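Asker: what's the 3D shape of this:
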Amino acid sequence: MELAAAVLHAVLGEVIKVVAREAQCALGFKREFEEMEKMLRRAVKLHADKVNLKHKDQVAQMTLIQRREVVYEAEDILIDCLIRYDHRMHRYLLRIIAPNFLRQTSKKLREINNQLKELMEFLIKLPLPDNKTQTKHEEAIVMSQNCSVDVPIGLDNDLVKIKGWISGKNKQLQRIAILGMGGLGKTRIAQEIYSDREVYEKFDVIIWVTVSQNFNEYRILEHMLKKLGETGSADGSDFMRKIKQKLENKTCLVVFDDLWSIDEITWWTDLCAVLASTVSGRSSCIIATTRFKGVADIVADTPDSIHQPKTLNADNSWELFSRFAFPSSEGNRLKSQFEKIGKEIVKKCGGLPLAIKAIAPLMSSKTTIAEWTAVQESYHNSLIEGKDDKVMTSLKWSYYELPALLKQCLLCFSVYPEDFEIRAEQLIHWWIAEGLVQQRNSKSAFEVGYECLLGLTSRCLVQVVEGRGFDGRVSSCKLHDIVRDLIIQIAEEEGFCRFNQKQGTQVWNKDSYWLAFNYEKDEKEKDEKVLGNNSKLRALLLKVKSPVDRIFGSSLPSLRMLDISGSNLDKKDVKNLLDWIGALKRLASLNLSGVEGLEDLPCSISGLLNLQILNLSGCTKLKKIHKSITQLKKLIVLKVGGCSSLEYLPRGLERLSNLQELTGFKVANQTNTKGCELTELRNLTNLRVLRIVISDEAVKVSERELNEILSELKELKILTINATECKREDVWKMVDSLTPPPSLVELYLYNYNGKKLPKWICPSKLYKLQYLSIENGDIVNMNPGAENVSSNCKWNVLEGLCLKQLPRLAVEWEDLKKVMPGLRYMEVSNCPNLANKNFPCSVEETGVWRE
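Answerer: Here you go, the predicted model:
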């Protein structure tokens with residue numbers, strides 16, 4: 001019975017802000033807000049004590065879901081009051097608040113407080129959970145272990161067998177199926193084969209295709225074509241022909257992961273015919289993982305080419321469990337202490353890797369025999385009830401034990417399609433827009449968001465698809481299909497959205513809080529207006545390939561997050577879209593990145609008074625942003641990177657005093673009286689991320705001013721300087737005169753034409769730097785202009801280094817290690833002069849070294 005406890009916390013925080021600002025912000029409602037604060041504080045405590053999805057009282061569950069609406073209504077009122085307070089002095093808002101607004105707000109606040117009082121009374125009547133099954137609630141979000149296991153456990157025989165088949169008889173096409181139930185480890189086996197060095201060297205091309213339940217043959221072929229660097233016609237008629245052309249005289253390994261069906265046998269036969277060829281005694285190979293024997297029979301060329309993995313034996317199961325349950329330095333001591341109970345839990349998992357990996361991280365937070373015993377007994381009882389299998393039971397237990405915030409964050413994954421690769425940034429922007437994650441002490445909301453995502457990946461509920469090399473920060477992720485089955489079930493029970501349970505796809509409902517949908521070329525939408533009016537919808541993610549006029553005219557007053565990134569819209573569609581967006585007064589996050597028809601961001605953008613995140617990255621036709629953007633006082637993120645037609649940002653950007661991330665800032669020409677000057681940056685003292693583009697048109701700034709600009713940004717942690725559009729020496733030398741603050745943690749330098757690093761890139765000035773990336777430049781060595789690489793000054797905290805496209809760079813590996821003693825991760829590519837410098841990885845092709 002998840003009452004969106006995270007939202008309770010968020011609303012409480014906003015109420016405290018209102019009360020703290022007293023009458024000015026409360027607009028005459030200070031007493032009502034104080035009463036609301038008092039009740040919310042009690043509701044948060046009661047909710048933590050009594051509410052958990054393990055309750056099976058359906059009446060209580062429905063009551064709590066209905067009561068959640070009052071929390072959201074309270075948040076709407078708060079946002080409206082805060083907006084009016086923050087902007088009441090602007091010329092387009094009356095300094096004297098409209099009487100009608102005061103009357104309506106006063107009435108609504110009294111109603112909300114009465115409903116909160118009813119909620120309090122209801123929570124008081126709820127019984128406390130059974131102590132026998134209630135385990136200690138852990139509020140810690142981040143766990144130290146990572147769910148990915150570098151060394152596979154119990155798969156040696158599987159890998160030897162399949163590699164033997166691949167190296168065996170010289171057929172024109174080897175076809176192998178890996179068959180088994182969900183959670184057995186089929187995908188992990190395929191991944192190990194796919195990344196194996198011996199296997200890799202046998203083929204000219206390797207392709208991985210994640211299939212899933214709702215894929216069709218055209219999408220599969222289109223994906224293969226993209227992996228081969230090609231695109232096909234819109235109707236897909238030439239996909240097979242182009243694949244054949246690209247693979248001519250080449251051997252290929254194709255892995256189809258999670259193949260559900262082969263309805264049209266013709267396309268499969270044609271694909272096999274395209275792949276069936278031998279080159280110099282080598283043949284191509286298809287490997288498919290599936291849970292259906294009928295599919296395995298079609299895929300495999302003979303019954304002997306179907307591999308059915310076994311469950312893990314007792315020793316391997318315990319080893320896998322121990323990796324996650326005892327990750328700390330005290331692991332061995334705890335392991336002996338809890339071994340008996342732990343092995344009973346492992347036994348109930350039936351040797352299924354996913355079941356073990358779901359329950360084991362949960363146990364790492366339990367430190368007493370009583371807690372372990374409680375989980376063991378409750379887990380056993382859940383299995384005895386017989387409602388779920390071993391995997392689902394483990395996953396439910398992992399979900400139940402999540403802190404309220406992580407439960408809410410995980411449920412957001414439910415709207416994404418099966419096997420969809422989700423960008424971490426999109427998720428975190430959504431969480432911020434909903435108020436789920438907020439700034440905490442010195443940590444920004446984005447840092448807290450990444451911690452939440454780490455909390456989910458470390459508990460094996462979310463799979464990492466791509467992460468940064470030097471620190472593992474998640475860039476993209478996805479859900480195992482069984483985990484997705486669980487959370488769409490819970491999201492529907494909680495009333496957040498509705499699903500077609502048979503197909504596992506989201507369906508539109510007027511009471512939905514979240515919606516994500518795709519207009520695919522093979523889908524026909526008959527409704528003139530898809531959305532209609534919905535006062536509850538808070539998040540809308542669209543991937544639009546057909547006109548979006550079907551959503552225009554929809555009234556979505558509660559919308560907080562709108563993402564239309566990558567949409568193929570023409571200029572007319574974009575104008576209509578922006579007119580519609582202008583009415584979304586409570587919108588907090590707007591992502592228009594990659595929208596093709598966006599040429600001008602009009603003054604109507606200034607109506608989005610609650611906007612915190614604006615992403616316009618990759619809008620290559622965008623030429624102008626209206627100056628009214630400088631009125632968006634709540635903006636914390638502005639991204640315009642990759643907007644090649646945009647010459648400047650409007651002057652007055654320094655008014656955005658809350659800005660924490662600015663990406664794509666272009667230094668304006670001196671003759672441009674409308675463009676934002678470089679010197680304005682010094683007033684953006686809350687900036688934590690700054691990405692600058694320098695061109696030949698950049699204004700000439702004095703060295704004194706250059707020294708002062710960045711040094712004022714005491715909170716800056718990430719700095720990117722890109723001189724890709726700069727050829728004039730006097731302009732790119734401006735970089736050498738900058739003085740970034742010592743707070744920098746990550747530094748990225750692109751297209752720098754100096755022979756030495758800028759003089760400020762040295763350990764004595766950037767003593768907190770953990771990651772340094774230098775790409776595309778003329779540097780000859782790693783010596784900064786001010787300090788010599790052989791000096792005693794060392795990069796003691798630098799852990800990651802990236803060197804790419806540096807054809808003149810020549811430095812000995814041993815010398816580099818002397819000045820970077822803490823280095824544990826390095827990427828190198830296209831640095832031919834390092835070939836004889838004893839580097840521990842490839843320096844011409846992409847090389848990666850980890851200590």
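Asker: ok, residue 465 - how many residues close by?
Answerer: 15 (other CB atoms under 10 Å). Using the backbone N, CA and C atoms, a C-beta is placed for each residue, glycine as well.
Asker: right, and it touches residue 423 too?
Answerer: No: Residue 465 is beyond contact range of residue 423, at 9.7 Å (criterion: CB atoms under 8 Å).
Asker: where do the contact lists of these two overlap?
Answerer: Contact with both residue 465 and residue 423 is made by residues 475, 476, according to CB atoms under 8 Å, 6 or more residues apart in numbering.
Asker: how many residues are close by residue 107?
Answerer: With other CB under 10 Å as criterion, residue 107 counts 10.
Asker: shouldn't it be within a strand?
Answerer: No: applying DSSP: H, G, I helix; E, B strand; the rest coil, one finds residue 107 to be helix, outside a strand.
Asker: so what pLDDT did it get?
Answerer: Per-residue confidence (pLDDT) for residue 107: 79.
Asker: just the mean pLDDT for stretch 654-667, thanks.
Answerer: When pLDDT is averaged over stretch 654-667, the result is 93.
Asker: where exactly do the helices run in the stretch 701-850 of the chain?
Answerer: 703-711, 729-732, 734-737, 813-819 (DSSP state H, counting those that start in this stretch).
Asker: just the stretch 351-500 of the chain next, same as before
Answerer: With DSSP H, counting those that start in this stretch as the criterion, the stretch 351-500 of the chain has helices spanning 353-363, 369-385, 390-400, 404-411, 424-433, 445-458, 481-493.
Asker: which one of the ones you listed lies nearest to residue 68?
Answerer: Among the helices of the stretch 351-500 of the chain, the nearest to residue 68 by CB to CB is helix 404-411 (11.1 Å).
Asker: compute the inter-axis angle for that closest one and helix 481-493.
Answerer: 110 degrees (axes from the mean of the first three to the mean of the last three CA atoms, to 10 degrees).
Asker: tell me what helix 404-411 is packed against?
Answerer: helix 5-20, helix 445-458, helix 481-493 (3 or more CB pairs under 8 Å, 6 or more residues apart in numbering; DSSP states H and E).
Asker: report the buried residues of it.
Answerer: 404, 405, 406, 407, 408, 409, 410, 411 (16 or more other CB atoms under 10 Å).
Asker: and the angle from it to helix 445-458?
Answerer: Going by the same axes, to 10 degrees, helix 404-411 is angled at 80 degrees with respect to helix 445-458.
Asker: part of a strand, is residue 206?
Answerer: Yes: assigned with three-state DSSP, residue 206 falls within a strand.
Asker: give me the number of residues near it?
Answerer: 17.
Asker: could you find the closest non-adjacent residue to it?
Answerer: The spatially closest residue to residue 206, leaving aside those adjacent along the chain, is residue 253, at 4.5 Å (CB to CB, 6 or more residues apart in numbering).
Asker: wait, residue 665 sits on residue 681?
Answerer: Yes: the pair formed by residue 665 and residue 681 meets the contact definition of CB under 8 Å, at 7.4 Å.
Asker: overlap in contacts of these two?
Answerer: In contact with both residue 665 and residue 681: residue 690, using CB under 8 Å, 6+ apart.
Asker: hey, least reliable of the helices and strands packed on helix 404-411 by pLDDT?
Answerer: Here the lowest mean pLDDT among those goes to helix 5-20, at a mean of 60.
Asker: please tell me how far residue 845 sits from residue 829.
Answerer: Distance of residue 845 to residue 829, computed by CB to CB, to the nearest Å: 6 Å.
Asker: swap in residue 443?
Answerer: Look at residue 443 and residue 829: by CB to CB, they are 33 Å apart.
Asker: who's more crowded, those two?
Answerer: residue 829 (18 against 14).
Asker: roughly how far does that one sit from residue 678?
Answerer: In terms of CB to CB, residue 829 sits 32 Å off from residue 678.
Asker: still on that earlier bit, among the helices of the stretch 701-850 of the chain, which comes closest to residue 643?
Answerer: So among the helices of the stretch 701-850 of the chain, helix 729-732 is nearest, using CB to CB, at 20.2 Å.
Asker: re the thing from before, I'd like the helices of the stretch 701-850 of the chain laid out as a markdown table, including mean neighbour count, distance to residue 581 and mean pLDDT.
Answerer: Listed next are these as a markdown table, based on neighbours: other CB atoms under 10 Å; distance: least, CB to CB, whole Å; pLDDT from 0 to 100:
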| stretch | mean neighbour count | distance to residue 581 | mean pLDDT |
| --- | --- | --- | --- |
| helix 703-711 | 16 | 33 | 76 |
| helix 729-732 | 14 | 37 | 72 |
| helix 734-737 | 20 | 37 | 80 |
| helix 813-819 | 16 | 50 | 91 |
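Asker: and these: which comes nearest residue 600?
Answerer: That would be helix 729-732 among those, by CB to CB, at 28.1 Å.
Asker: could you dump the closest one to CSV, C-alpha only?
Answerer: Extracted in CSV, the C-alpha atoms of helix 729-732 (Å, rounded to 0.1, in the frame of the first residue of the first chain):
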residue,chain,number,x,y,z
GLU,A,729,45.5,31.4,-31.9
ASP,A,730,44.7,34.5,-29.9
VAL,A,731,41.2,33.1,-29.2
TRP,A,732,42.1,29.6,-28.1
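Asker: strands along the stretch 501-650 of the chain, start to end?
Answerer: 505-507, 514-518, 539-543, 561-563, 589-591, 600-601, 613-615, 624-625, 637-639 (DSSP state E, counting those that start in this stretch).
Asker: mind listing what the residue nearest to residue 206 touches?
Answerer: So residue 253 contacts 194, 199, 202, 203, 205, 206, 207, 284, 285, 286, 287 (CB under 8 Å, 6+ apart).
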